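Participant: here is a sequence with its predicted model. Questions after.
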Amino acid sequence: MSYRFCQLLIACWCLQTAQCQNNNSQSMDFEKYNPVSTLVVPEHPIHKAKFPFIDVHNHQWNMANQDLSELIKDMDSMNMAVMVNLSGSNGNELQQMTANVKEHYPSRFIVFANINFNGIGENDWSEKTVKQLEQDVKHGANGLKIFKTLGFSVRDNKGNRVTVDDARLDAIWEKCGVLKIPVLIHTADPKPFWDSPDEHNERWLELKLHPDRKRDDNNPAPWQTLLEEQHRMFMKHPNTIFIAAHFGWYANNLTKLDSLLKQMPNVYVEFGAVIAELGRQPHAARAFFEKYQDRILFGKDSWVPEEYATYFRVLETEDEYFPYHKKYHAFWRIYGMGLSDGILKKVYYKNALKIVPDIDKSLFPD
Ligand SMILES: [Zn+2]
């Protein structure tokens, strides 16, 4: 080795080390990196919806004993005219919930019933369950909510996974059509939960914070399989109205959702927990809302009143590059769609009034 070459090597090594040290001092956790935006553009934060609205995806587990006036205060402050509580249970518990609502705020809350899947596979299960649902509707339930446990963890009396399109559930979906109540159903979870939890995964942070959300093809089945079970079930029951929760987990692929909604005219969607998917593609999302303005409902899911502002801002404004409230759903900033009043009214309340029975229409403008 020549002396000059050695010198060159040492110089390179020094440079690299210096660079390395420099990089090290600059590196930080993904969770920590949260730069303050320097962008200056008009901002229109909205804490109260432009029109009274119906939240079709809410959970109040304790509605039987709850002081509802606390909820009403928050609802009034944001212009939520009606809250749909999807966690209505069934039987006595449901009856206590609807009684509390009826006594205190009969026109401000709607309760959906839930199915008890215990014993599915036994001879009389379907018949018994349909009867219970009829009773629950008599006692004030205005819809049926199916949790994601169906498809994930519900097992029959032989220990087999009950698929979303299991024939033993057909009588329930048919009964909902006859009773003219909608079925709001959540199936599976975001697709990245099935993918490798590495640097390429958009939900890496969520999987890091909630490792129990990780799925794979055997836990309990491939994502695609679960979604296809749901779609087959929707198509098998064209006389029943279904609301696919969370945009059917296709808010990040509106072309696909478009093709599905075209095939299934009995299906509606709500955007609970996926507003950041819409807010990162405001042009495509607005076109989708224009096309499907009669089949999109307002839903939020988790009851955190201050987070509704993000939803109003995406729907109503044309604001640019504003933050979303949960980094593990979206590490990106989002944009407003600037929907017209006509579409806002449909999404905020008209579509829900069409498919959910017994909502007091006098709470809403024409
Ligand atoms: Zn939910």
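Facilitator: It's in.
Participant: which is the succeeding secondary structure element to the helix or strand of the chain with the lowest mean pLDDT?
Facilitator: Across the helices and strands of the chain, mean confidence by mean pLDDT, DSSP states H and E is lowest for helix 3-26: a mean of 53. Per DSSP states H and E, the first helix or strand lying C-terminal to helix 3-26 is strand 53-58.
Participant: and that following strand, what other elements does it pack with?
Facilitator: strand 80-85, helix 351-355 (3 or more Cβ pairs under 8 Å, 6 or more residues apart in numbering; DSSP states H and E). Placement of C-beta: from N, CA and C, glycine included.
Participant: got these as a markdown table, with distance to Val274 and mean pLDDT columns?
Facilitator: As requested, the helices and strands packed on strand 53-58 are arranged in a markdown table below (distance: least, Cβ to Cβ, whole Å; pLDDT from 0 to 100):
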| stretch | distance to Val274 | mean pLDDT |
| --- | --- | --- |
| strand 80-85 | 17 | 98 |
| helix 351-355 | 17 | 98 |
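Participant: quick one: Val347 from Phe289, how far?
Facilitator: As for Val347, its distance to Phe289 is 7 Å (criterion: Cβ to Cβ, to the nearest Å).
Participant: point out the most buried one among the helices and strands packed on strand 53-58.
Facilitator: strand 80-85 (a mean of 25; mean count of other Cβ atoms under 10 Å).
Participant: pull out the buried positions in the next helix or strand after that one.
Facilitator: Using DSSP H and E, the next helix or strand after strand 80-85 towards the C-terminus is helix 91-104. Using 16 or more other Cβ atoms under 10 Å as the test for burial, helix 91-104 gives Glu93, Leu94, Gln95, Met97, Thr98, Asn100, Val101.
Participant: now the residue nearest to Gly140 when sequence neighbours are not counted: how far from Arg333?
Facilitator: Leaving aside its chain neighbours, Gly140 sits nearest to Thr98 (3.3 Å; criterion: Cβ to Cβ, 6 or more residues apart in numbering). From Thr98 across to Arg333, the span is 41 Å (Cβ to Cβ).
Participant: how far away is Gly146 from Met78?
Facilitator: Actually, residue 146 is Ile. It isn't Gly. 27 Å.
Participant: swap in Pro190?
Facilitator: For Pro190, the distance to Met78 - Cβ to Cβ - is 26 Å.
Participant: then Ser302?
Facilitator: From Ser302 to Met78 the distance is 15 Å (Cβ to Cβ).
Participant: of those two, which one has the most company?
Facilitator: The neighbour count for Ser302 versus Met78, taken as other Cβ atoms under 10 Å, is higher for Met78 (19 against 11).
Participant: which residues touch the more buried one?
Facilitator: By Cβ atoms under 8 Å, 6 or more residues apart in numbering, Met78 lies in contact with His47, Lys48, Ala49, Pro305, Tyr308, Ala309, Phe312.
Participant: possible to save these as JSON lines with pLDDT?
Facilitator: Formatted as JSON lines, the contacts of Met78 follow (pLDDT from 0 to 100):
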{"residue": "His47", "pLDDT": "98"}
{"residue": "Lys48", "pLDDT": "98"}
{"residue": "Ala49", "pLDDT": "99"}
{"residue": "Pro305", "pLDDT": "98"}
{"residue": "Tyr308", "pLDDT": "98"}
{"residue": "Ala309", "pLDDT": "98"}
{"residue": "Phe312", "pLDDT": "99"}
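Participant: just the buried ones from the residues you listed?
Facilitator: Applying 16+ other Cβ under 10 Å to the contacts of Met78 flags Ala49, Tyr308, Ala309, Phe312 as buried.
Participant: what does whichever strand or helix holds the third one rub up against?
Facilitator: Going back to what we said before, that points to Ala309. Taking DSSP H and E as the criterion, Ala309 maps to helix 308-316. The contact list for helix 308-316 (Cβ under 8 Å, 6+ apart) reads 44-50, 78, 80, 271, 275-276, 278-279, 282, 298, 300, 319, 322, 324-325, 334-339, 344, 347.
Participant: rerun at 6 Å
Facilitator: Ile46, His47, Ala49, Lys50, Met78, Ile275, Gly279, Asp319, His325, Gly336, Leu339 (Cβ atoms under 6 Å, 6 or more residues apart in numbering).
Participant: point out the least confident one among the residues you listed.
Facilitator: Here the lowest pLDDT out of those sits on His325, with 93.
Participant: quick one: secondary structure of it?
Facilitator: coil (DSSP: H, G, I helix; E, B strand; the rest coil).
Participant: one more: the one 5 residues further on?
Facilitator: Under three-state DSSP, the three-state class of Ala330 is coil.
Participant: find the nearest non-adjacent residue to it, please.
Facilitator: Using Cβ to Cβ, 6+ apart, the closest residue to Ala330 is Ala276 (3.5 Å).
Participant: and the closest residue to Arg161 other than its chain neighbours, what pLDDT?
Facilitator: In space, and not counting its chain neighbours, Arg161 is closest to Pro220: 5.5 Å by Cβ to Cβ, 6+ apart. You'll see Pro220 listed with a pLDDT of 98.
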